[in-house]
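Student: need a 3D model of the sequence below.
(2 chains)
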Amino acid sequence: MSENKVVTRFAPSPTGFMHVGGVRTALYAWLWAKKNGGQFILRIEDTDKVREVGGSIEHIQKSLKWLGLNWDQGPDVGGLSAYIQKFLKWFGLNRSYIQSERLKLYKKYAKILIEKGFAYADPYTEEEIEKWRLKAETENKPFLYRDHRPENPPKWDGTMPLRFKTGELKRTVWNDVVWGELSAGPEALDDFILIKSDGYPTYNFAHIIDDIEMGVTHVMRGQEFISSTPKFLSLYEALGVTPPLFATTPPIMGPDGKKKLSKRDGAKDILEYKREGYLPEAMINYLAFLGFNPGGEKEVYTPEELISVFDLNKIQRSGAQWNDIKLNWFNKEHIKQLIPEKYLEIGMNWVPKEYILKNGVEKTKRDLMLIRDNIVKFSDIINIFKNKKTINVIKILNNFSTKIDSFSKLSSEEKYSYLVKNNNENQEFTFTEDSFSKLSSEDEFSYLFSDPSYLFEMLIWKDLKNSPDKFLKTLEYLEKVFNLLGSVDEKDWTYESLKNVVWNYAGEEGRGNVLWPTRVALSGKEKSPDPFKLAETLGKATTQKRISKVIELLRKLIGTVNNTSNTNTKTVIN
RNA sequence: GGCCUUAUCGUCUAACGGUUAGGACGAGUGCUUUUCAAGCACUAAAUUCGGGUUCGACUCCCGGUAAGGUCACCA
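Tutor: All right, here's what the predicted structure looks like:
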């Protein structure tokens, strides 16, 4: 090991999928190693064979690779290295990064400790110890094994646990890179188990031996280890080794902000975010900023920028609440930062194959560019391109100026097919009676099939709401619009010409004042395509019919208001 | 219960002992070819409480409160 070189490690145990807390610890270790041109080691701590979950190691590696947190040393550091490892093993040099394959090493160190008088066999049964523990608990005292340390322990034969014989009982003071000076009284020191009766070392023992052997200089880990740090330090002392620097990471909290984020309150498998189409650099950015801040007002950082700006003593001490909404924002920002080629390269993977097959790569790419600003994560693309009939959705979407969200609800092909038909493209699709009734029964586009009913209040543009003659004014606007539209010949009934005849008038009277009631008259809804698109789609006859209906209703209403002052204007009218 | 810690807008956070306590997300309002989305602008929103030290405290000290960690043949 070359001196002065930074070596960090991420040492998970293979007990399930990677969650965000573990990933962030790995991220900080990785950032620090990269920043200092050092080494980042992946080590698997599989000394608890009971809790081990199959496939975890692969999952951990996959997760780190997705995020780009590549390790310089670890299990399978690439084909050549694996070969070299095998070669070294042949000569009895164990280079494994999996603890269960390093048992001889721990035994070697255990023997050293026994010889030095720092370890002894534990002759008690678990029941005996449990009894002492319960007694301590009822007396509200901390349980200390060393109060029961045997006078003449038997020789260790490997079937009993091997315990560390803690040295001088004293106050321990040490320095944590994040927390500053920390200390604990002698009650933090105890005779902990080094090697379990099953022959595997405990975490407390194995991780220290490995950190020594691998030359680790900086240990990042959660604050649950602060309390046991005095034990670790006393072991380093017994071995005569200078301990590494400790950097304690704050926890990531659940939605209530009090408990650590757990599977129960939505902690997801990190690869789940990959499946949902989050960018790894966005995840890294978000995760890094959950408990770290370089100062300044810049927030969107590339991984490279994070490396240069990362600093251990700018890590936060208290826990930070997980926030999906902010993660979404980071993802959106990182999508914006992608160059178009890269965006398309990723996006194309999310478009259903049939769509590309049908429309060709070039058109698909154009469509992808159209929706770029509207996606939060790449899986949104699937919703937009979902079934093979979504051919013109994006185009219609543009025309209709409708938000993506409502289009994601356009799941039924019936709904879609109508839109396609009205877009005068892809005439191949035919309506069935069944699909028609299904579509028309759905509320969102009901105005395309049947005349809507109205709420009087909805007809009024917001600026006019407080005006005493709001209904009279609205009536005037609609009458004028009716006449203007009437001047357009049916053969010339297009979006452009409709807009042309109304536009100047709307500009004079206030666009909202005129266009809002027109649109509501045609759709009966607060949210729908713009009035010209609606009029074009509905045709001249229906357009005139609906507007004149509203005019008639308004006239009636105004008549009533003049007679009785108490008319409920919220009434639904047909 | 012992021990070890932590505390700034709802959330993530910034602030050599001297700032109108800053930014971001979210929210609200407005602008943008009405409405939705996107975009832009603006607004509201915080130093846990009580004592000190100091000319001056988010910052240092003491105490209260609240919260977290730990006291395994788990890591």
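Student: strands of the stretch 251-400 of chain A, start to end?
Tutor: In the stretch 251-400 of chain A, the strands defined using DSSP state E, counting those that start in this stretch lie at A:252-253, A:320-321.
Student: ok, the first one near RNA strand B or not?
Tutor: Yes. In this structure, strand A:252-253 sits against RNA strand B according to C-beta under 7 Å from any atom of the strand; the contacting residues are A:Met253. C-beta coordinates here come from the backbone N, C-alpha and C atoms, glycine included.
Student: how far off centre is that strand?
Tutor: Distance of strand A:252-253 from the chain centroid (C-alpha atoms, centre = their mean, to the nearest Å) equals 14 Å.
Student: state the mean pLDDT of that strand.
Tutor: Across strand A:252-253, the average pLDDT comes to 94.
Student: what does that strand contact?
Tutor: The contact list for strand A:252-253 (C-beta atoms under 8 Å, 6 or more residues apart in numbering) reads A:Val20, A:Gly21, A:Arg24, A:Lys259, A:Lys260, A:Leu261, A:Leu290, A:Gly291, A:Gly319, A:Ala320, A:Gln321, A:Trp322.
Student: which among these count as buried?
Tutor: Among the contacts of strand A:252-253, those classed as buried by 16 or more other C-beta atoms under 10 Å are A:Val20, A:Gly21, A:Arg24, A:Leu261, A:Leu290, A:Gly291, A:Gly319, A:Ala320, A:Trp322.
Student: residues near the closest residue in space to A:Leu344 that isn't next to it in sequence, how many?
Tutor: Nearest residue to A:Leu344, sequence neighbours excluded (C-beta to C-beta, 6 or more residues apart in numbering): A:Lys365, at 5.3 Å. Using other C-beta atoms under 10 Å, A:Lys365 has 20 neighbouring residues.
Student: these two touch, right, A:Lys365 and A:Met348?
Tutor: Yes. With contact defined as C-beta atoms under 8 Å, A:Lys365 reaches A:Met348; the gap is 7.2 Å.
Student: so how far is A:Glu476 from the closest residue to RNA strand B within the stretch 401-550 of chain A?
Tutor: Closest contact between the stretch 401-550 of chain A and RNA strand B, by C-beta to the nearest atom of the strand, is at A:Asp530 (2.0 Å). Here the criterion is C-beta to C-beta, to the nearest Å. By it, A:Asp530 lies 21 Å from A:Glu476.
Student: please apply the same query to A:Val300.
Tutor: 50 Å.
Student: A:Ile252 too?
Tutor: As judged by C-beta to C-beta, A:Ile252 and A:Glu476 stand 60 Å apart.
Student: and those two? Which one has more around it.
Tutor: Each of A:Ile252 and A:Glu476 has its neighbours counted (other C-beta under 10 Å); A:Ile252 has more, 23 against 16.
Student: who are the packing partners of the longest helix anywhere in chain A?
Tutor: If you go by DSSP state H, chain A has its longest helix at helix A:540-563. Applying 3 or more C-beta pairs under 8 Å, 6 or more residues apart in numbering; DSSP states H and E, one finds that helix A:540-563 contacts helix A:470-486, helix A:511-523, helix A:531-538.
Student: pipe these into a markdown table and attach mean pLDDT per row.
Tutor: A markdown table is the format used below for the helices and strands packed on helix A:540-563 (pLDDT from 0 to 100):
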| stretch | mean pLDDT |
| --- | --- |
| helix A:470-486 | 92 |
| helix A:511-523 | 91 |
| helix A:531-538 | 80 |
